[in-house]
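Asks: My questions are about this predicted structure, shown below with the sequence.
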Amino acid sequence: MNSMKPVQLAHADLWLSDHYLRLGLESIFATMTFDSPSLRYVFFTEKHYADVLAHRYDLNQHRLILLTEGYLYNFLTDIPLHRLSARATVSEIEAFIAAITYGKGRESVAEKCVRFTARERLLIDLIKDGKKMAEMGAYFNVHTKTVYQIRQTVIRKMGCSGMIDFLQTLRSDVFSNWLVENHRVH
């Protein structure tokens with residue numbers, strides 16, 4: 001956890017380390033008008049996910065928006081949240097805020113919690129350690145094609161769009177923290 005405090009605006013909390021992104025959102029919020037003064041928006045990146053969770057926002061009064069670099073982090077199911085590209089244009093951000101304000105934009109909540117089997121969890125560790133597919137096959141005492149199938153199942157469960165997305169997600173802090181919290185090895 002970064003133990004950072006958010007930048008608080010009239011209608012938003014910004015949990016952002018990126019100075020330019022924060023300035024851009026500040027300028028957008030300075031020019032927008034809001035019908036509901038009690039509704040607040042919480043913008044954050046995956047680096048501050050734990051901080052936002054620890055803050056315990058009232059989800060009736062706050063809309064949580066995860067700014068992503070293209071990765072959807074479908075395994076994050078602790079709280080309902082919206083996802084928006086950190087590279088969205090000003091007009092896209094304004095339209096997005098309007099949509100979630102009036103209930104047209106739905107939070108993305110996974111239908112079920114992502115759980116890995118012991119073998120899938122071990123495969124993730126082996127991939128993170130840089131093992132080759134043949135080495136993993138020998139470790140599991142299965143054919144290499146079976147290792148590929150297990151990996152595809154993990155990629156699908158995580159909601160990754162492909163191998164590049166999968167590998168980048170594996171390296172992210174938010175995934176590592178989530179994996180430790182949700183998949184304790186006994």
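Replies: Arrived safely.
Asks: Render the CA-only coordinates of stretch 123-139 in CSV, please.
Replies: C-alpha atoms of stretch 123-139 as CSV (Å, rounded to 0.1, in the frame of the first residue of the first chain):
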residue,chain,number,x,y,z
LEU,A,123,1.7,-22.5,-13.3
ILE,A,124,1.5,-18.7,-12.6
ASP,A,125,4.4,-18.9,-10.3
LEU,A,126,6.5,-20.9,-12.8
ILE,A,127,5.7,-18.4,-15.6
LYS,A,128,6.6,-15.5,-13.3
ASP,A,129,9.9,-17.3,-12.6
GLY,A,130,10.6,-17.4,-16.3
LYS,A,131,10.3,-21.2,-16.8
LYS,A,132,9.9,-22.5,-20.4
MET,A,133,6.8,-24.5,-21.4
ALA,A,134,8.8,-27.8,-21.6
GLU,A,135,10.2,-27.2,-18.1
MET,A,136,6.7,-26.7,-16.8
GLY,A,137,5.5,-29.8,-18.6
ALA,A,138,8.3,-31.8,-16.9
TYR,A,139,7.5,-30.3,-13.6
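Asks: now what about it, what contacts it?
Replies: 116, 140, 143-144, 146-148, 150-151, 154, 167, 170-171, 179 (C-beta atoms under 8 Å, 6 or more residues apart in numbering). For the C-beta atoms, the positions are set from N, CA and C on the backbone; glycine is no exception.
Asks: now the longest helix belonging to the chain: mean pLDDT?
Replies: Counting residues, the longest helix in the chain under DSSP state H turns out to be helix 144-158. What helix 144-158 shows for mean pLDDT is 92.
Asks: can you pull the buried residues of that helix?
Replies: For helix 144-158, burial by neighbour count (16 or more other C-beta atoms under 10 Å) applies to 147, 150-151, 154-155, 157-158.
Asks: Where do the domain boundaries of the protein fall?
Replies: Annotated domains of the chain cover 7-101, 118-182 [automatic domain parsing].
Asks: Now tell me which of those domains the model trusts least on average.
Replies: When I compare these, domain 7-101 is least confident, with a mean of 85.
Asks: from the chain's centre, how far out does that one sit?
Replies: Centroid separation for domain 7-101 versus its chain: 12 Å, with C-alpha atoms, centre = their mean, to the nearest Å.
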